[in-house]
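In: model the following, please.
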Amino acid sequence: MLLAGKPYPQPLPLNPFVPDTPTHGAYEECLLLEQKKEWNEFADDLGRDFSESIVNNLPPVVVARVLGHALRLAPSDDDRGVLAREIMDCKADPKDLHCSPELLAGLAHFVAAESNASSSLPPQSTIPKGRRLLYRLSRVLHRRSFEEAVNARSHLLTPPLATTQTLRQRTLSRDENCCVSTGDLDLDAGFASLDAGLVLEPSRALRVTNVAHIISQSLSSNIDGMTQAAREKFDWASTAAAVLKRFGGFSTYDILGGDNLNSAVNAFTVTETPHVLFDCLNLWLVPAQDEHGDVISNTYDVRYPESTNPQVFRMTGVRRRISFRSVTLTDGAVVPPPHPRILALHAVCAQVAHLSGAAEHVSDVYRDSDGISVMTEPNAPTELMRKLKTLQLIPQLLDV
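Out: Alright, predicted model coming up:
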């Protein structure tokens, strides 16, 4: 779901990192790859046994920008260093001068291969494809040992102490029975207020709300279409892919606790439109600052892609600034606000998706083709040509 026809991918700027450092070298690899137009330019390097996903999903320029912008926007120097090492490890042979294009594409696959967005709000048990970028980037930046990955997986897959219903009750209480993005009153809460004889403002909108998870309830996915060599290279991700051990220096368990993914720090109350925008990385939150440049606690400014028409954004009813709070329930339990580090993770991934062009490109490749099942339909020729153009990315690679 994109609010505008096309985002505005940003070319990688000049290398901003200190020369003769791993980060500088990794960024140079991205700059080199950005100059390539199609994968068939790597025919000699890839050979016949290449990973299909690198030509079906992302062209070289998008792969380069996904990794390059991720290096630039990494939340900390430690995160940046981890990603730089992963990039420099993408060599088929340690003696090679440059990284393998296939392995670089495989690494970018974790970040953006499924960043195409769903056009409608999915059931709570499913993951919007846009959100998967969030988890892939966090896995890449925080590759850990096999033992750590297993331990983290066991924690995240442990049934949470809080049920989904409990989480909804807690977030509604904390968020004052309103959508945090629009201020609309929860429909059930409005009915209950009227039944209790309370008077509501006539202009107050009543809307169905639900719980938006920042980190999804499912944290695993597989890499498809890769060669055996590429699968072996990223074998660590087959275990760690279901894991958010930590991001930006935080421990998953320390933040989520026994409630696991149903922790209130990982959720907020929202109506359908802002929920879809947030899930699809078309809306993200950044810490708000006062007039002196100091961060305002638990307050965030809403950001959206530069390609979005401001008028369209205003028509969604989403506020430009959102504030969260904590609340103490009648039983003494404290419901904290969403954790800033988790929100920061989401924000980084959204920016990488749009700056690199990955969000639009993968959405275009995986666009629903049901609409062109009949060639007499008006858009059928255009859609057919688009599909054929995608297939033309690989002709030279298939020659023997």
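In: and Ile255, how many residues sit next to it?
Out: 18 (other C-beta atoms under 10 Å). Glycine gets a C-beta too; all of them are placed from N, C-alpha and C.
In: the helix ranked longest in the chain: which residues count as buried?
Out: Scanning the chain for the helix with the most residues, using DSSP state H, yields helix 340-356. Within helix 340-356, the residues that count as buried by 16 or more other C-beta atoms under 10 Å are 340, 342-356.
In: the strands in the stretch 151-300 of the chain, which residues?
Out: With DSSP state E, counting those that start in this stretch as the criterion, the stretch 151-300 of the chain has strands at 185-186, 206-207, 209-213, 267-271, 284-289, 295-303.
In: leaving out the residues flanking it, which one is nearest to Ile296?
Out: Ala288 (4.7 Å; C-beta to C-beta, 6 or more residues apart in numbering).
In: the one you found contacts Ser297, doesn't it?
Out: No - here Ala288 lies out of contact with Ser297, judged by C-beta atoms under 8 Å, at a distance of 9.4 Å.
In: these two: who's more crowded?
Out: Between Ala288 and Ser297, counted using other C-beta under 10 Å, the more crowded position is Ala288 (18 against 12).
In: against Asp184, how distant is the residue nearest to Ile296?
Out: Ala288 is 21 Å from Asp184, where distance means C-beta to C-beta, to the nearest Å.
In: where along the stretch 151-300 of the chain do the helices fall?
Out: 164-174, 187-195, 228-233, 235-240, 252-256, 272-279 (DSSP state H, counting those that start in this stretch).
In: tell me, which of those helices is the model least confident about?
Out: When the helices of the stretch 151-300 of the chain are ranked by mean pLDDT, helix 235-240 comes last with a mean of 39.
In: give me the below-cutoff pLDDT ranges for the stretch 201-350 of the chain.
Out: In the predicted model of the stretch 201-350 of the chain, residues 216-253 satisfy pLDDT under 70.
In: mind redoing it with 80?
Out: For the stretch 201-350 of the chain, the stretches with pLDDT under 80 are 215-261, 306-309, 349.
In: could you do the stretch 1-150 of the chain as well?
Out: 1-9, 37-58, 75-76, 79, 91-97, 100-150.
In: redo that, cut-off 70
Out: 1-8, 40-57, 92, 106, 109-150.
In: hang on, the earlier thing: any idea which of the strands of the stretch 151-300 of the chain is most buried?
Out: For those, the largest average neighbour count (mean count of other C-beta atoms under 10 Å) is found in strand 267-271, namely a mean of 26.
In: listing partners with orientation, what would you give for it?
Out: Here strand 267-271 has these sheet partners by DSSP bridges: strand 209-213 (antiparallel).
In: I'd guessed Ala70 sits against Val352; true?
Out: Yes - here Ala70 reaches Val352: they are 5.0 Å apart, a contact under C-beta under 8 Å.
In: tell me how many other residues crowd Leu281.
Out: Leu281, neighbours per other C-beta under 10 Å, totals 29.
In: quick one: closest of the strands of the stretch 151-300 of the chain to Gly25.
Out: Ranking the strands of the stretch 151-300 of the chain by proximity to Gly25 (C-beta to C-beta) places strand 284-289 first, at 29.7 Å.
In: on that earlier part again, mind putting the strands of the stretch 151-300 of the chain into JSON lines with distance to Asp259?
Out: Listed next are the strands of the stretch 151-300 of the chain as JSON lines, based on distance: least, C-beta to C-beta, whole Å:
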{"stretch": "strand 185-186", "distance to Asp259": "21"}
{"stretch": "strand 206-207", "distance to Asp259": "26"}
{"stretch": "strand 209-213", "distance to Asp259": "12"}
{"stretch": "strand 267-271", "distance to Asp259": "10"}
{"stretch": "strand 284-289", "distance to Asp259": "21"}
{"stretch": "strand 295-303", "distance to Asp259": "19"}
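In: quick one: closest of those strands to Val63.
Out: Per C-beta to C-beta, nearest to Val63 of these: strand 284-289, 22.4 Å.
In: what angle do that closest one and helix 340-356 make?
Out: For strand 284-289 against helix 340-356, the angle by axes from the mean of the first three to the mean of the last three C-alpha atoms, to 10 degrees is 120 degrees.
In: list the contacts of Thr328.
Out: 334-335 (C-beta atoms under 8 Å, 6 or more residues apart in numbering).
In: can we see that at 10 Å?
Out: Residues near Thr328 by C-beta atoms under 10 Å, 6 or more residues apart in numbering: 173-174, 334-335.
In: just the buried residues of these.
Out: Buried members of the contacts of Thr328, scored by 16+ other C-beta under 10 Å, are 173-174, 335.
In: noted, bye for now.
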